[in-house]
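Asks: fold the following for me, if possible:
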Amino acid sequence: MLILSSALGVVVLTLIAVCFFWLKHYQELVQLRERISQKEKEASESAQKFDLLKSELKLTFESVAQQALKGSNQEFLKMAELTLSKHEQQAVHHFDKKKSEIGLLVGPLKESLTQFYNQVSSMEIERQRSYAIVETEIKKVIENSAELSKETRALKNALKKPHIRGRWGEVQLKNCVELAGMS
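Replies: Below is the predicted model:
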């Protein structure tokens, strides 16, 4: 019974350790996911700002184009190309910056997930090994219990016979006297 309770204690402690380990890494995982979500949202907002800037530039250029019809078309085209390329370079630079920030954020997350997977895998192997040990011990306890039951039945049957019961009582009394130091 002591072996069974010890084995169950080991199993319970292993399960508690797995739960604490999982909770610790789960919180980190949630924080990293939130950061990724925030960076993706920022990147999305940047893309929307880029599109908005693009549409504003388009509108601005259309109005300038109407004014330029009165003046020099060539001068307007040069000015429009310069402004558009300037804004496009800024937008591309901003987009690349956000992309690299997300990459820097995802890299440690990937490493953490890999470490987490490796630790969970090793814990699963250890859990399987522990369960095998517990299963072996439980089989031994069952075998011992069956053998003890068989021996108890044999003793019970033997003690039903008066001459054996008398002899058994004499042996027990002799053992008690010897243990008491009276012989």
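
Asks: the chain: helices as residue ranges?
Replies: 2-70, 73-159, 162-180 (DSSP state H).

Asks: for the residue lying closest to residue 17 once chain neighbours are set aside, grab the count of nearby residues.
Replies: Leaving out its chain neighbours, the residue that sits closest to residue 17 by CB to CB, 6 or more residues apart in numbering is residue 123, at 7.9 Å. Quick note: C-beta positions are derived from backbone N, CA and C, even for glycine. Residues near residue 123, counting by other CB atoms under 10 Å, number 15.

Asks: ok, now which ones touch residue 123?
Replies: Shown in contact with residue 123 (CB atoms under 8 Å, 6 or more residues apart in numbering): 17-18, 21.

Asks: for those, which one is nearest residue 168?
Replies: Ranked by distance to residue 168 (CB to CB), the contacts of residue 123 are led by residue 17 at 50.3 Å.

Asks: from residue 108, how far off is the closest one?
Replies: Computed with CB to CB, to the nearest Å, the distance linking residue 17 and residue 108 is 25 Å.

Asks: ok, residue 52 next?
Replies: The gap separating residue 52 from residue 108 is 32 Å, by CB to CB.
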